[in-house]
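Visitor: sequence first, predicted model second:
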Amino acid sequence: MSTGIQTNVDIPTLSFTHPSPPQKRSPKLSVTQTHLCGNRAPRLLYRGSLSLPDSNLLLDGLTFTTDLPPDDPQASLKLLESPLPLALESMRGRPSLTFIGVARMGDVFCDYGDGVNLHVHPRSILTHQLFSNHFCTDTCISGRTEVGIRIRLGETDSSDLTTTEIVVYGRPHPSTSTMQLCVARILPHPAPAMRLLPKAVAKLRPPRPDDPTPRKPPVMFGGGMVGGSKRTLDTGNGKEDPPSKKQKKGNHTGDVDAAKHSATKYRTGDMAVAGKSDLKIQDLGKNSRVGVFKLPELPPHAHKTLNKEPPQRVGDDVFLDDAKRAHETSVEVSNKLVVKRAAVRLLTAAGISKQHHEFKDFFGYVYRGTGFALRSRLTTTSFEKDSQSVDRVVDAHIKLYLNGEGGMS
């Protein structure tokens, strides 16, 4: 069954266009790049400018690079072991490096093995002028310029010269008349090597006061070389000979000879070797041995002052609690207690109780004044039997201090 409806719909078609083929790279450009870089790929370390001291002028157009072998995939990771490339890459983000000055290459100690080069942009005229005036005026005899430009990696001064300061020097190209700018890392000067004396001189050196103790005497410092006695001891033991007759006399000449004899006969026990001259040392004093450090004894007057009691301070109070004496008797303790009770009782009767804001002052003056007034009877007579006399003295002090006018009413 047909409906009789006919529809004519035009279906669009998509047309596909073929892309244009890629253009071929210029072989001349490729040859030029190969001629400039060779078989090494440069890596950018830092690009910025150089700031002059005490000036707002910036010498721009500086580019620090290093050459990496393209056939080594671990070449970039090896840069982490090179201090100079790592320090330059850490300067990225800083607009400039600090110019320090011109230094002679013979006066600085550098590391030339990092392989970092410096390139200056052709349009940076002032930067070209700076390096040309220092590197292109004199001839290079040793393969590099005699002077270099010293640069600090950072804005502030630092005492660590290992990674913070570099020097830029020139190296003439072997086949052209151009100057190649190279960068070296400045290292601290090595410590000067200690001058070692020959063995013969070291053996002849006498002991000095700054030598460490205990010490052994020098091997060749003996009586034979200095002019002392050449008498030897028995090598079987290290004991000294008995004192001579001159030593027993006790005169000055005998003492000097005894010192020389004792020093000449010194022997270090098993260290002694038969057939060699005896060792001689200086006299170190009475009852002293070589190699043993002894502290001197205290002087005689020091023993007398060790156990001496400290003198009593002038002005110590009679009833001072922290200065009680060893000879204090029980009578004195009981008398102090009687004075305290009488002072508290009579002050309360006069209207000065313990809650009064001036009670401590009143009690202190009354208590100490009463004790000072009765100081001759404090250790001999008991106040418990004669409490009226204590009350009389305490009441007199209270009346003296109560009105604040010296007892005048």
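Guide: On my side now, so go ahead. Residues are numbered from 1 along each chain as shown.

Visitor: which residues does Arg104 bridge with?
Guide: Going by DSSP bridges, Arg104 is paired in beta bridges with Val147.

Visitor: tell me the contacts of it?
Guide: By C-beta atoms under 8 Å, 6 or more residues apart in numbering, the contact set of Arg104 is 146-148. Every residue, glycine included, has its C-beta placed from N, CA and C.

Visitor: could you report the separation of the closest residue to Asp138 other than its chain neighbours from Thr137?
Guide: Excluding its sequence neighbours, the residue lying closest to Asp138 (C-beta to C-beta, 6 or more residues apart in numbering) is Glu146, at 6.5 Å. The spacing between Glu146 and Thr137, counted by C-beta to C-beta, to the nearest Å, is 11 Å.

Visitor: low pLDDT regions in the stretch 201-350 of the chain?
Guide: Within the stretch 201-350 of the chain, the ranges that satisfy pLDDT under 70 run 201-204, 214-294, 301-328.

Visitor: can you check my assumption that Pro122 lies in a helix?
Guide: No. Pro122: not assigned to a helix; according to DSSP: H, G, I helix; E, B strand; the rest coil it is coil.

Visitor: the residue nearest to Asp138: how many residues sit nearby?
Guide: 16 (other C-beta atoms under 10 Å).

Visitor: same thing with the one 3 residues further on?
Guide: The burial count assigned to Ile149 is 23, neighbours taken as other C-beta under 10 Å.

Visitor: now it: closest residue in space, sequence neighbours ignored.
Guide: Val168 (4.4 Å).

Visitor: give me the three-state assignment for that neighbour.
Guide: Look at Val168: counting by three-state DSSP, its state is strand.

Visitor: Asp60 sits in which helix or strand?
Guide: Following DSSP states H and E, one finds Asp60 within strand 58-68.

Visitor: please point out which parts of that strand sit buried.
Guide: Applying a neighbour-count criterion of 16 or more other C-beta atoms under 10 Å, one finds 58-62, 64-68 buried in strand 58-68.

Visitor: ok, stretch 96-106 next?
Guide: Buried positions in stretch 96-106, judged by neighbour count with 16+ other C-beta under 10 Å: 96-100, 103.

Visitor: try stretch 387-405
Guide: 390-391, 393-395, 397-398, 400-402.

Visitor: in stretch 343-362, what's buried?
Guide: 343-344, 346-347, 352, 362.

Visitor: just give me the closest of these to Gln74.
Guide: Phe362 (94.1 Å; C-beta to C-beta).

Visitor: what is the helix or strand harbouring Leu337 packed up against?
Guide: Assigned by DSSP H and E, Leu337 belongs to helix 330-349. Judged by 3 or more C-beta pairs under 8 Å, 6 or more residues apart in numbering; DSSP states H and E, the packing partners of helix 330-349 are helix 359-373, helix 387-402.

Visitor: report the angle between it and helix 359-373.
Guide: Counting by axes from the mean of the first three to the mean of the last three C-alpha atoms, to 10 degrees, helix 330-349 lies at 140 degrees to helix 359-373.

Visitor: how about Ile149, secondary structure?
Guide: Secondary structure, three-state DSSP: Ile149 is strand.

Visitor: how about it, what does it touch?
Guide: Here Ile149 is in contact with 99, 102, 130-131, 134, 167-169 (C-beta under 8 Å, 6+ apart).

Visitor: quick one on the thing from earlier: tell me the one among the buried residues of stretch 343-362 nearest to Gly371.
Guide: Using C-beta to C-beta, these come closest to Gly371 at Ala343, 9.8 Å.

Visitor: surely the closest one meets Gly371?
Guide: No. Applying C-beta atoms under 8 Å, one finds Ala343 not in contact with Gly371, separated by 9.8 Å.

Visitor: hang on, the earlier thing: top of the contacts of Ile149 by neighbour count?
Guide: Result: Tyr169 is most packed of the contacts of Ile149 (other C-beta under 10 Å), 25 neighbours.

Visitor: so that residue bridges to which residues?
Guide: Taking DSSP bridges as the rule, Tyr169 bridges to Cys182.

Visitor: thought it was touching Cys140?
Guide: No. Using C-beta under 8 Å, Tyr169 makes no contact with Cys140, being 9.6 Å away.

Visitor: this protein: helices as residue ranges?
Guide: 27-37, 75-78, 83-89, 125-135, 199-204, 223-226, 245-249, 252-264, 300-306, 330-349, 359-373, 387-402 (DSSP state H).

Visitor: and of the buried residues of stretch 387-405, the nearest to Val120?
Guide: Here the nearest of the buried residues of stretch 387-405 to Val120, counting by C-beta to C-beta, is Tyr401; it sits at 96.8 Å.
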